[in-house]
Structure formats: C-alpha cells, structure tokens
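Q: model this:
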Amino acid sequence: MEEPTPHNTDTATRPVRRRFPGLPSQIAYARRFVARHLASCPDLTTVTLLTSELATNAITHSASGRATGKFEVCVHQAPGWARVEVRDLGNLEESPRPQHRDPYDTEEHGRGLDLVEALSSAWGTEPRGDGMGRRVWFELVWERDGDPL
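A: This next block holds a predicted model:
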C-alpha cells in the first residue's frame with residue numbers, strides 16, 4: 001500500500017477527514033471541505049475538480065452510492081504538496097482506471113480518471129486497510145518559496 005509522500009514529513013500536517021452520505025448532493029460539500037483545508041494551495045481549482053471526480057466515481061461506481069452508502073474524504077498536506085483520498089465502499093466489478101478516450105469522442109461520461117491522471121502529480125487506487133472498499137487518491141506538488149519542483 002502506498003503511503004503519502006510529502007516532500008518534508010517534518011512539516012506535514014495531521015490528515016483531516018470527513019465522511020459524507022453517498023448522495024450526489026454531497027459532492028459539493030466534499031469539494032468545499034477540501035477547499036477549506038487546502039485554501040493555500042496555488043492550484044485550488046484543480047484540487048477541487050479532481051476531488052469532485054473521485055467523489056462522483058465513489059457514489060456512481062461503488063456501494064457508496066446505495067441507499068445507506070457513505071464515502072470519506074481525507075486530506076494530507078505539507079509545504080508544496082497535497083494528497084486527497086476518497087474512500088468508498090468498493091465495487092465487485094473492477095478497480096477504477098482511466099478510459100483514455102479519444103478527444104473527439106462525444107460520450108458524456110468516462111473522462112474523470114483521465115482528468116485525474118492528466119492533472120495530478122501522481123494518483124492511484126488500492127484496497128482499504130479495513131477490507132471494506134477501496135481508496136482512490138491523487139497528489140499535487142507545486143513550487144514552494146521559489147524552490148523548483
């Protein structure tokens with residue numbers, strides 16, 4: 001299992017997490033939760049977009065979207081680095097993967113993980129440690145105080 005990899009673990013903050021009901025209306029609350037905790041991130045628009053994609057996938061493609069389902073968002077951060085995880089209740093079908101659709105494909109769905117792959121510094125998926133679903137995450141790395149990436 002991959003662990004968060006901040007550039008300086010001495011300055012990493014304690015992760016924050018929140019559980020949401022598995023309803024489409026909760027996607028906006030998940031975005032706001034992440035935006036509030038990563039307000040100093042220079043790429044906040046990307047962070048909230050990717051959070052929205054992962055939360056949408058959680059309620060669309062996992063048991064988190066069922067009547068009593070839930071999903072959890074966890075935010076890790078350190079100077080110049082952030083990781084957002086969305087933990088869902090899993091899916092019996094298969095692990096999430098990008099579709100790599102043709103840019104001229106007019107299908108409305110299936111591009112969320114393509115965006116995550118294209119816009120994040122790293123991303124991945126793995127089973128949750130408690131065996132009750134999976135964790136899909138992305139990381140962003142940016143310059144800090146003039147330091148190159």
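Q: which residues sit against stretch 31-46?
A: Stretch 31-46 has contacts (CB atoms under 8 Å, 6 or more residues apart in numbering) with 16, 18, 47-48, 51-52, 55, 73, 75, 77, 82, 84, 119-120, 140, 142-143. C-beta: built from backbone N, CA, C; applies to glycine.
Q: which ones among the residues you listed lie within strands?
A: V16, R18, V73, V75, Q77, A82, V84, L140 (DSSP state E).
Q: among these, the buried ones, what's the ChimeraX command?
A: This is how ChimeraX selects the buried members of the ones in strands among the contacts of stretch 31-46, with burial counted by 16 or more other CB atoms under 10 Å:
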select :73,75,77,82,84,140
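Q: mind picking the two most distant members of the ones in strands among the contacts of stretch 31-46?
A: R18 and L140 (19.3 Å; CB to CB).
Q: CA atoms of the helix or strand containing A35 as CSV?
A: Here A35, judged by DSSP states H and E, is contained in helix 26-37. Extracted in CSV, the C-alpha atoms of helix 26-37 (Å, rounded to 0.1, in the frame of the first residue of the first chain):
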residue,chain,number,x,y,z
GLN,A,26,-22.8,15.7,-1.2
ILE,A,27,-20.2,16.2,-4.0
ALA,A,28,-20.3,20.0,-3.5
TYR,A,29,-19.8,19.5,0.3
ALA,A,30,-16.8,17.3,-0.4
ARG,A,31,-15.3,20.0,-2.7
ARG,A,32,-15.8,22.7,0.0
PHE,A,33,-14.3,20.5,2.7
VAL,A,34,-11.1,20.0,0.6
ALA,A,35,-11.0,23.7,-0.5
ARG,A,36,-11.3,24.8,3.1
HIS,A,37,-8.3,22.7,4.2
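Q: now do the helices in this structure.
A: 26-37, 44-61, 112-119 (DSSP state H).
Q: ok and the helix or strand of the chain with the lowest mean pLDDT relative to helix 44-61, angle-wise?
A: Ranked by mean pLDDT, DSSP states H and E, the weakest helix or strand in the chain is helix 112-119, scoring a mean of 85. Computed by axes from the mean of the first three to the mean of the last three CA atoms, to 10 degrees, the angle separating helix 112-119 from helix 44-61 equals 150 degrees.
Q: please consider this matter closed, and thank you.
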